[in-house]
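Engineer: Sequence unavailable; structure follows:
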């Protein structure tokens, strides 16, 4: 199992359009082989204000499944549709459990 946290800073004026792209793409990614979780999250704030960041919280059955996702048509479509909406590149961290489930 591999977990991924990918955080992107979104231009404030693009946030609504970015969320609309996510509404379309997320179900497609969730249907990919090996996807356990693919959930976009906003930074949490006490007052519920929306911060200009979106973090994808992902879990994949294997590195091969993650690699297939990253090379696949859904992520290619996503990248194309969000071009120009981000402030720089995403910050991605791939993680493996210290105590993997058997």
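Structural biologist: Cool, got the structure. Since we're looking at a predicted model, the values are computed, not measured. Numbering: from 1, shown residues only.
Engineer: what's around residue 43, how many residues?
Structural biologist: Residue 43 sits with 12 neighbouring residues when counted by other C-beta atoms under 10 Å. Placement of C-beta: from N, CA and C, glycine included.
Engineer: actually residue 74, not the one I typed
Structural biologist: Neighbour tally, residue 74, other C-beta under 10 Å: 20.
Engineer: Quick check: next helix or strand after whichever helix or strand it is part of?
Structural biologist: Using DSSP states H and E, residue 74 falls within helix 73-81. Sequence-wise, the next helix or strand downstream of helix 73-81 (DSSP H and E) is strand 91-95.
Engineer: Averaged pLDDT, that next one. What do you get?
Structural biologist: Summarised as a single mean, pLDDT over strand 91-95 is 94.
Engineer: What is the helix or strand bottoming out on mean pLDDT in the chain packed up against?
Structural biologist: Least confident helix or strand, the chain: strand 91-95 with a mean of 94, by mean pLDDT, DSSP states H and E. Helices and strands touching strand 91-95, by 3 or more C-beta pairs under 8 Å, 6 or more residues apart in numbering; DSSP states H and E, are strand 2-9.
Engineer: List the strands paired with the strand it packs on, with their directions.
Structural biologist: Strand 2-9 pairs in its sheet with strand 53-60 (antiparallel), strand 91-95 (antiparallel), by DSSP bridges.
Engineer: Now tabulate those in a markdown table and tack on mean neighbour count and distance to residue 77.
Structural biologist: Listed next are the strands paired with strand 2-9 as a markdown table, based on neighbours: other C-beta atoms under 10 Å; distance: least, C-beta to C-beta, whole Å:
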| stretch | mean neighbour count | distance to residue 77 |
| --- | --- | --- |
| strand 53-60 | 19 | 15 |
| strand 91-95 | 12 | 18 |
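Engineer: which one of those lies closest to residue 74?
Structural biologist: strand 53-60 (12.4 Å; C-beta to C-beta).
Engineer: ok, then the element right after that closest one?
Structural biologist: Following strand 53-60 in sequence, per DSSP H and E, is helix 63-71.
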